[in-house]
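Enquirer: A predicted structure for the sequence below; I have some questions about it.
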Amino acid sequence: MADFTLHTVESAPEKSKPILEQSLKTNGMIPNLHAVMAEAPGLLEGYQVLHKLFMDSSFDAEELTVVWQTINVEHNCTYCVPAHTAIANSMKVSSELTEALRNKTAMPSDKLQVLHDTTLAMVRGRGVISDDVIEKFFAAGYGQRQLLEIILGLSQKVMSNYTNHIAKTPVDAPFKKFAW
């Protein structure tokens, strides 16, 4: 089995260097996920672009967290669950919500439960979801835009979750206290 390289700015392929430099500047460190992805500059860049686009979606901090963590937990990503717990904390998302997501228990509101259920149906059905699920989603106050934005978040999480699975990406020190 191959050990994946945790790239630094110095060791990374040329096209990944500026992305890692920005990651270092933004995060105060190069997250191990970025360090692994740097081996494939297009993957790292694509992930970063999708992350920004999803952050700029119509979802608020709680809703972003529900989509991300629903996918991370379903994919059993032991890197992303702790990382997104830390991210949720930095976005002032309640620990009640983050713990419910981590522990697969009910969401603190009906609307967030519908978002969770719809995201889970999307993941499990690989994009094929029933009319009933869509009707409940719309009845909860979401629209077509949000349904499509779940796909955006899912696309981002497939990139990171799958990378972490094959690379066995070690959890970064700041996220270890949220180990899952």
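Expert: Looks like it came in fine.
Enquirer: residue ranges with poor pLDDT in this protein?
Expert: Within the chain, the ranges that satisfy pLDDT under 70 run 1.
Enquirer: where along it do the strands fall?
Expert: Taking DSSP state E, the chain contains no strands at all.
Enquirer: quick one, longest helix in this structure?
Expert: helix 144-167 (DSSP state H).
Enquirer: elements contacting it?
Expert: Under the contact criterion of 3 or more CB pairs under 8 Å, 6 or more residues apart in numbering; DSSP states H and E, helix 144-167 touches helix 32-37, helix 41-55, helix 61-74, helix 80-90, helix 110-124, helix 131-139. Using the backbone N, CA and C atoms, a C-beta is placed for each residue, glycine as well.
Enquirer: tell me the buried residues in the third one?
Expert: Neighbour counts using 16 or more other CB atoms under 10 Å place 61-74 of helix 61-74 among the buried residues.
Enquirer: check the last one too.
Expert: Of the residues in helix 131-139, those with enough neighbours to count as buried (16+ other CB under 10 Å) are 133, 136-137.
Enquirer: which one of these is nearest to Glu14?
Expert: Closest approach between these and Glu14, by CB to CB: Phe137, at 43.6 Å.
Enquirer: ok, now which ones touch the closest one?
Expert: With contact taken as CB atoms under 8 Å, 6 or more residues apart in numbering, Phe137 is in contact with 114-115, 118, 146-147.
Enquirer: and the buried ones among these, selectable in PyMOL?
Expert: Per 16+ other CB under 10 Å, the buried members of the contacts of Phe137 correspond to this PyMOL selection:
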select buried, resi 114+115+118+146+147
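Enquirer: pick the one among the contacts of Phe137 closest to Glu96.
Expert: Leu115 (15.4 Å).
Enquirer: residues touching the closest one, list them.
Expert: Taking CB under 8 Å, 6+ apart, we find Leu115 in contact with 63, 66-67, 107, 137, 140, 142, 146, 150.
Enquirer: again, but for His51
Expert: Gln156.
Enquirer: make it 10 Å
Expert: His51 makes contact with 68, 152-153, 156-157, 159-160 under the criterion CB atoms under 10 Å, 6 or more residues apart in numbering.
Enquirer: what is the nearest of those to Glu14?
Expert: Nearest to Glu14 among the contacts of His51, with distances taken as CB to CB, is Met159, at 21.0 Å.
Enquirer: can you list the contacts of Phe137 in CSV and add distance to Leu101?
Expert: As requested, these are arranged in CSV below (distance: CB to CB, whole Å):
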residue, distance to Leu101
Val114, 14
Leu115, 11
Thr118, 14
Gln146, 18
Leu147, 20
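Enquirer: would you mind measuring from the nearest residue to Thr85 once chain neighbours are set aside to Glu45?
Expert: Spatially, and ignoring its direct neighbours in sequence, Thr85 is nearest to Phe178 (3.9 Å; CB to CB, 6 or more residues apart in numbering). Applying CB to CB, to the nearest Å, the value for Phe178 to Glu45 is 27 Å.
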